[in-house]
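Peer 1: here are the coordinates; sequence isn't available:
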């Protein structure tokens, strides 16, 4: 189930982001502890609470059996900032559902395009959903 995130989701969402980055994004960080720590530095419950309550963001969570298994964040200009899933939810459609929720939110707010910066790990996922590289290396999709 996908729903709007609330501040009380921040702790579980931070755990999902941290596990996803550490366990699923090895292609991007190559197991380099310093690189991983830099990537995780702002993936804290406090930072997620700030992102969730920000008026310039829309945050979404995916839940399964009362557990939070995914987190997505889109800025009010259509730039997707985060789309992460728990390792045990990988390949179950969670990322697709979060992406669809963010794209639907963008459409409902009058936006005609979404953009994002993808990890190497997720680039194929986004290309399969219609995202294409723009002239600034961001991936773009017309809605």
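Peer 2: That came through, no problem. Just so it is clear, the structure is predicted and the values come from calculations on it, not from any experiment.
Peer 1: and the most centrally placed residue in the chain, what helix or strand is that in?
Peer 2: For the chain, the residue nearest the mean C-alpha position is residue 83 (1.5 Å; C-alpha atoms, centre = their mean). Per DSSP states H and E, residue 83 falls inside strand 79-85.
Peer 1: mean confidence for that strand?
Peer 2: Strand 79-85 shows a mean pLDDT of 97.
Peer 1: equivalent analysis for stretch 34-43, please.
Peer 2: Rounded mean pLDDT across stretch 34-43 is 96.
Peer 1: buried sites along that stretch?
Peer 2: 36, 39, 43 (16 or more other C-beta atoms under 10 Å). In short, each C-beta sits where N, CA and C put it, glycine included.
Peer 1: who touches stretch 120-134?
Peer 2: 24-28, 83, 95-96, 99, 114-116, 118, 139-141 (C-beta atoms under 8 Å, 6 or more residues apart in numbering).
Peer 1: stretch 56-68 now?
Peer 2: With contacts defined as C-beta under 8 Å, 6+ apart, stretch 56-68 is touched by 1-5, 9, 12-13, 16, 48, 51-52, 69-76, 81, 85-86, 89, 92, 94, 97-98, 101-102, 105.
Peer 1: just stretch 13-22 next, same as before
Peer 2: The list of residues contacting stretch 13-22 from outside it, by C-beta under 8 Å, 6+ apart, reads 5, 29, 36, 39-40, 43-45, 47-48, 52, 61, 68-71, 82, 84-87.
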